[in-house]
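1. Sequence plus the predicted model coming up.
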Amino acid sequence: MDILIIGGGIIGLAIAGELAQAGMAVTLVERGELGRGATWASAGMLAPEAEGLTGQLLQLGLRSRQMYPQWVAQIMRLTGLPCGYWCCGILKPTKDANHPQCLSGQQLQQKQAGLGFSQALWLSADGQVDNRLLTKALISAVRSQGVKILTGTAVYQIVTSQNQVLHLATSAGTLQAEHYVLATGAWTQELLPLPITPKKGQMLAVFDPDRSLQRVIFGDGIYLVPRQDGRIVIGATVEAVGWQGQCTAGGINHLLSGAIALYPAIAEMPIVETWWGFRPYAPAEQLILGESAYCNLSLALGHYRNGILLAPITAHILRHWIINRQTLDDLGT
């Protein structure tokens, strides 16, 4: 079967690799550069527990987190490139001193010194991946698997007749395949009237020369993600402002104030980067995976704050849906 994937973020790339591994002839179409949307802008947390996910989304998040070590190892075997996978654990400040995962006093100090709070949940299985390193490696991996990649190629229209897709009208002309996958993130409504809207997030990074922060800190609306190269990624605002881009003074001030409260040493660290991105939000944060109104079009949408976390499980689900028409229920998720 030949497959056309629309969208070159982490989700589209992960699906491309999975389908190529299953013997499919895969073409991936991206209107800009690969991995430059929400994938590039994210913090790369693998944090289903810290995020407080519930229901099926929690189960998918836990399963995907469990898949990460093997998934990353395979990418590294194919490419020899690092992905920045780090099961560093997450500290989440809490007022619930009776919670079984709560640390305080000396126990908390041993996990991380210099904190601006006195007790926190210790989520040892949560962690992170460097999303930018992972994206670079994943691009190299899918190329090595024979995936054809068309960048700078805008899809203008998904041309349909009755219940099937006939072809894509693109800036490179007509593209056709037996099956199509839509993984267009926040930009989905440009092609199909599906309930995906952008939620802007502003972020910044500081440089920690002493590598003093060794745990992810997940506060109330603020998180600190230390990278092994000394950067600390600080995020993120959640703004329903449509496609209004740019970082704002108020947004960056909010992030810095919250970050310094969590880890006071940040006040003395230099700012090295600010950026923003658009998350793909679906109502009630529900994933839209698999079936569409068209028999030869599958959907991989609505990952919102958890696209990096859910990339392995999404690719697994889409593979089984396209090949065997197995649903989430069939797969036991």
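-> Arrived safely.
2. where along the stretch 1-150 of the chain do the helices fall?
-> 10-21, 38-41, 55-79, 105-111, 131-144 (DSSP state H, counting those that start in this stretch).
3. Mean pLDDT and distance to residue 197 added to those helices, as TSV?
-> In short, each C-beta sits where N, CA and C put it, glycine included. Output for these, formatted as TSV (pLDDT from 0 to 100; distance: least, CB to CB, whole Å):
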stretch	mean pLDDT	distance to residue 197
helix 10-21	98	17
helix 38-41	94	13
helix 55-79	97	18
helix 105-111	96	38
helix 131-144	98	22
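4. Indicate which one of the ones you listed is closest to residue 168.
-> Residue 168 lies closest to helix 10-21 among the helices of the stretch 1-150 of the chain, at 14.0 Å (CB to CB).
5. other SSEs contacting the closest one?
-> strand 2-6, strand 25-29, helix 131-144, strand 297-301, helix 307-324 (3 or more CB pairs under 8 Å, 6 or more residues apart in numbering; DSSP states H and E).
6. tell me the domain ranges of this protein?
-> 1-86+129-196+282-333, 90-124+197-281 (automatic domain parsing).
7. before we move on, back to that, using TSV, lay out the helices and strands packed on helix 10-21 together with distance to residue 219 and mean neighbour count.
-> Converted to TSV, the helices and strands packed on helix 10-21 look like this (distance: least, CB to CB, whole Å; neighbours: other CB atoms under 10 Å):
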stretch	distance to residue 219	mean neighbour count
strand 2-6	36	24
strand 25-29	37	23
helix 131-144	20	22
strand 297-301	29	24
helix 307-324	18	23
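8. Which one, of the ones you listed, ends up nearest to residue 207?
-> helix 131-144 (15.6 Å).
9. most tightly surrounded among the domains of the chain?
-> domain 1-86+129-196+282-333 (a mean of 19; mean count of other CB atoms under 10 Å).
10. For it, what is the distance to the chain centroid?
-> Centre-to-centre, domain 1-86+129-196+282-333 and its host chain are 10 Å apart (CA atoms, centre = their mean, to the nearest Å).
11. check contacts around the closest residue to residue 226 other than its chain neighbours.
-> Once flanking residues are discounted, residue 226 sits nearest to residue 213: 4.2 Å by CB to CB, 6 or more residues apart in numbering. The contact partners of residue 213, taken as CB atoms under 8 Å, 6 or more residues apart in numbering, are 112, 114, 224, 226, 232, 263, 265.
12. Check residue 146 too.
-> Neighbours of residue 146 in contact, by CB under 8 Å, 6+ apart: 20, 25, 26.
13. In a markdown table, list these along with distance to residue 76.
-> Formatted as a markdown table, the contacts of residue 146 follow (distance: CB to CB, whole Å):
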| residue | distance to residue 76 |
| --- | --- |
| 20 | 17 |
| 25 | 25 |
| 26 | 21 |
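14. which one among these gets closest to residue 98?
-> residue 20 (49.4 Å).
15. Walking through the stretch 101-250 of the chain, point out its strands one by one.
-> 102-104, 119-123, 127-128, 148-150, 155-161, 164-170, 173-175, 179-182, 197-207, 216-218, 223-226, 231-235 (DSSP state E, counting those that start in this stretch).
16. closest one to residue 70 among these?
-> Between these, strand 127-128 lies closest to residue 70; by CB to CB that is 14.7 Å.
17. So what touches that closest one?
-> 43-47, 84-90, 216, 225.
18. Now the helices of the stretch 1-150 of the chain in CSV, please, with extra columns for distance to residue 150.
-> Listed next are the helices of the stretch 1-150 of the chain as CSV, based on distance: least, CB to CB, whole Å:
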stretch, distance to residue 150
helix 10-21, 12
helix 38-41, 18
helix 55-79, 21
helix 105-111, 46
helix 131-144, 12
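19. For residue 121, find the nearest of those.
-> Closest among these, using CB to CB: helix 105-111, at 10.3 Å.
20. Make CSV from the contacts of strand 127-128 and add distance to residue 75 and pLDDT to it.
-> Putting these into CSV (distance: CB to CB, whole Å; pLDDT from 0 to 100) gives the following:
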residue, distance to residue 75, pLDDT
43, 19, 97
44, 14, 97
45, 18, 98
46, 15, 98
47, 20, 98
84, 11, 97
85, 9, 98
86, 15, 97
87, 16, 96
88, 19, 97
89, 23, 98
90, 23, 98
216, 22, 98
225, 20, 98
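21. for residue 183, what are its contacts?
-> 5, 6, 7, 9, 11, 12, 15, 300, 301.
22. mind checking how far the closest residue to the last one other than its chain neighbours is from residue 192?
-> Just to be clear, that refers to residue 301. In space, and not counting its chain neighbours, residue 301 is closest to residue 288: 4.2 Å by CB to CB, 6+ apart. Separation of residue 288 from residue 192 (CB to CB, to the nearest Å): 10 Å.
23. in the sheet, who's paired with residue 200?
-> Beta-bridge partners recorded for residue 200 (DSSP bridges): residue 239, residue 278.
24. Thank you kindly, that will do.
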